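**Q** take this sequence and fold it.
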Amino acid sequence: MRGRPPDVRCRTRQEKSRPLVDALRGVLDAALRHLSPKSEMAKAIAYGTKRWPALSRFLSDGRLEIDNNIAERALRGIAVGRRNWLFAGSRAGGERAAAIYTVIQTCKANGIDPQAYITDVIAKVADDWPASRWDELMPWNWMPPADQPTAQAA
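**A** Residues are numbered from 1 along each chain as shown. Prediction:
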(Lines give C-alpha, C1' and ligand atoms only; values in the text may rest on other atoms or scores of the structure.)
Protein backbone atom coordinates (compact mmCIF):
# COMPACT_ATOMS: atom_id res chain seq x y z
CA MET A 1 0.00 0.00 0.00
CA ARG A 2 3.04 2.27 0.23
CA GLY A 3 2.60 5.17 -2.15
CA ARG A 4 -1.20 4.85 -2.38
CA PRO A 5 -3.54 7.71 -1.33
CA PRO A 6 -4.35 7.92 2.41
CA ASP A 7 -8.03 7.06 1.98
CA VAL A 8 -7.19 3.87 0.06
CA ARG A 9 -4.57 2.90 2.62
CA CYS A 10 -6.98 3.49 5.51
CA ARG A 11 -9.76 1.47 3.89
CA THR A 12 -7.43 -1.43 3.10
CA ARG A 13 -6.00 -1.40 6.62
CA GLN A 14 -9.50 -1.52 8.08
CA GLU A 15 -10.33 -4.54 5.92
CA LYS A 16 -7.08 -6.50 6.19
CA SER A 17 -5.02 -5.28 9.15
CA ARG A 18 -7.70 -4.43 11.73
CA PRO A 19 -8.80 -8.07 12.20
CA LEU A 20 -5.18 -9.15 12.70
CA VAL A 21 -4.41 -6.34 15.13
CA ASP A 22 -7.61 -7.05 17.10
CA ALA A 23 -6.73 -10.76 17.25
CA LEU A 24 -3.23 -9.92 18.47
CA ARG A 25 -4.66 -7.74 21.23
CA GLY A 26 -6.93 -10.61 22.30
CA VAL A 27 -3.99 -13.02 22.48
CA LEU A 28 -1.91 -10.53 24.49
CA ASP A 29 -4.75 -9.84 26.93
CA ALA A 30 -5.35 -13.58 27.39
CA ALA A 31 -1.64 -14.17 28.00
CA LEU A 32 -1.58 -11.43 30.65
CA ARG A 33 -4.42 -13.16 32.51
CA HIS A 34 -2.41 -16.40 32.69
CA LEU A 35 1.04 -15.03 33.48
CA SER A 36 2.48 -13.87 36.75
CA PRO A 37 2.53 -10.05 36.65
CA LYS A 38 6.16 -10.10 37.77
CA SER A 39 7.35 -12.38 34.96
CA GLU A 40 9.52 -10.89 32.23
CA MET A 41 7.02 -11.96 29.57
CA ALA A 42 4.14 -10.21 31.38
CA LYS A 43 6.23 -7.07 31.73
CA ALA A 44 7.01 -7.11 28.01
CA ILE A 45 3.37 -7.64 27.06
CA ALA A 46 2.22 -4.93 29.49
CA TYR A 47 4.76 -2.54 27.96
CA GLY A 48 3.24 -3.13 24.52
CA THR A 49 -0.39 -2.97 25.60
CA LYS A 50 0.17 0.31 27.44
CA ARG A 51 1.26 1.75 24.11
CA TRP A 52 -1.54 0.16 22.12
CA PRO A 53 -3.10 3.44 20.88
CA ALA A 54 0.22 4.47 19.32
CA LEU A 55 0.82 0.99 17.91
CA SER A 56 -2.59 0.82 16.25
CA ARG A 57 -2.86 4.45 15.13
CA PHE A 58 -1.88 3.46 11.58
CA LEU A 59 -5.23 1.67 11.23
CA SER A 60 -7.28 4.88 11.34
CA ASP A 61 -4.86 7.31 9.66
CA GLY A 62 -3.84 6.44 6.12
CA ARG A 63 -1.15 9.13 6.16
CA LEU A 64 0.90 7.16 8.65
CA GLU A 65 3.39 4.52 7.60
CA ILE A 66 3.00 1.07 9.09
CA ASP A 67 6.72 0.95 9.88
CA ASN A 68 9.68 3.29 10.21
CA ASN A 69 11.79 1.83 7.39
CA ILE A 70 12.10 5.18 5.63
CA ALA A 71 13.53 6.84 8.74
CA GLU A 72 15.76 3.84 9.44
CA ARG A 73 17.25 4.01 5.94
CA ALA A 74 17.84 7.75 6.29
CA LEU A 75 19.80 7.16 9.50
CA ARG A 76 21.70 4.09 8.28
CA GLY A 77 24.74 6.09 7.19
CA ILE A 78 25.01 7.64 10.62
CA ALA A 79 24.65 4.28 12.40
CA VAL A 80 27.23 2.60 10.15
CA GLY A 81 29.81 5.31 10.76
CA ARG A 82 29.12 6.04 14.42
CA ARG A 83 32.38 4.48 15.59
CA ASN A 84 34.24 7.12 13.60
CA TRP A 85 32.22 9.85 15.26
CA LEU A 86 33.04 8.80 18.80
CA PHE A 87 36.12 10.95 18.44
CA ALA A 88 34.50 14.32 17.79
CA GLY A 89 36.98 15.81 20.25
CA SER A 90 34.51 17.25 22.72
CA ARG A 91 30.84 17.57 23.53
CA ALA A 92 30.70 20.76 21.45
CA GLY A 93 32.30 18.89 18.55
CA GLY A 94 29.64 16.19 18.83
CA GLU A 95 26.88 18.80 18.87
CA ARG A 96 28.34 20.46 15.76
CA ALA A 97 28.51 17.09 14.03
CA ALA A 98 24.86 16.41 14.91
CA ALA A 99 23.88 19.83 13.53
CA ILE A 100 25.67 19.29 10.23
CA TYR A 101 24.19 15.78 9.84
CA THR A 102 20.76 17.32 10.36
CA VAL A 103 21.44 19.91 7.66
CA ILE A 104 22.66 17.22 5.25
CA GLN A 105 19.60 15.00 5.80
CA THR A 106 17.25 18.00 5.47
CA CYS A 107 18.90 18.88 2.16
CA LYS A 108 18.47 15.32 0.92
CA ALA A 109 14.82 15.30 2.00
CA ASN A 110 14.27 18.48 -0.04
CA GLY A 111 16.08 17.21 -3.16
CA ILE A 112 19.07 19.51 -2.69
CA ASP A 113 22.75 18.69 -3.11
CA PRO A 114 24.07 19.19 0.46
CA GLN A 115 27.53 20.31 -0.65
CA ALA A 116 26.12 22.93 -3.03
CA TYR A 117 23.71 24.13 -0.33
CA ILE A 118 26.33 24.44 2.42
CA THR A 119 28.83 26.13 0.09
CA ASP A 120 26.28 28.68 -1.10
CA VAL A 121 24.84 29.42 2.35
CA ILE A 122 28.28 29.88 3.94
CA ALA A 123 29.25 32.28 1.14
CA LYS A 124 26.02 34.28 1.55
CA VAL A 125 26.32 34.48 5.35
CA ALA A 126 29.98 35.53 5.04
CA ASP A 127 28.89 38.34 2.67
CA ASP A 128 26.70 39.86 5.42
CA TRP A 129 23.38 38.20 4.59
CA PRO A 130 20.71 40.10 6.59
CA ALA A 131 19.29 38.23 9.57
CA SER A 132 15.79 39.29 8.53
CA ARG A 133 16.14 37.06 5.42
CA TRP A 134 17.56 33.90 7.04
CA ASP A 135 14.35 32.02 6.28
CA GLU A 136 15.29 32.22 2.58
CA LEU A 137 18.37 30.14 3.37
CA MET A 138 16.46 27.22 4.88
CA PRO A 139 16.78 24.11 2.68
CA TRP A 140 13.06 24.05 1.88
CA ASN A 141 13.19 27.70 0.66
CA TRP A 142 16.70 27.79 -0.81
CA MET A 143 17.18 28.15 -4.55
CA PRO A 144 20.55 27.10 -5.96
CA PRO A 145 22.46 29.49 -8.19
CA ALA A 146 21.90 28.74 -11.88
CA ASP A 147 25.30 27.01 -12.18
CA GLN A 148 24.59 24.57 -9.28
CA PRO A 149 22.36 21.53 -9.88
CA THR A 150 19.95 20.15 -7.30
CA ALA A 151 20.42 16.61 -6.01
CA GLN A 152 17.55 15.47 -8.22
CA ALA A 153 19.19 16.86 -11.35
CA ALA A 154 22.65 15.55 -10.42
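**Q** domain-wise, how is this protein divided?
**A** As assigned by automatic domain parsing, the chain contains the domains 6-59, 69-137.
**Q** okay, those domains in TSV with distance to Met143 next?
**A** Every residue, glycine included, has its C-beta placed from N, CA and C. Output for these, formatted as TSV (distance: least, CB to CB, whole Å):
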stretch	distance to Met143
domain 6-59	30
domain 69-137	8
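**Q** least confident of these, on average?
**A** Of all these, mean pLDDT reaches its minimum on domain 69-137 (a mean of 84).
**Q** first-to-last residue distance for that one?
**A** Start and end residues of domain 69-137 are separated by 29 Å (CA to CA, to the nearest Å).
**Q** now the helices: where do they sit in this structure?
**A** Secondary structure of the chain, counting by DSSP state H: helices at 6-12, 18-34, 40-50, 52-56, 69-81, 91-109, 114-126.
**Q** still on that earlier bit, got TSV for the domains of the chain, with mean neighbour count and distance to Pro145 too?
**A** As requested, the domains of the chain are exported to TSV (neighbours: other CB atoms under 10 Å; distance: least, CB to CB, whole Å):
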stretch	mean neighbour count	distance to Pro145
domain 6-59	12	37
domain 69-137	12	6
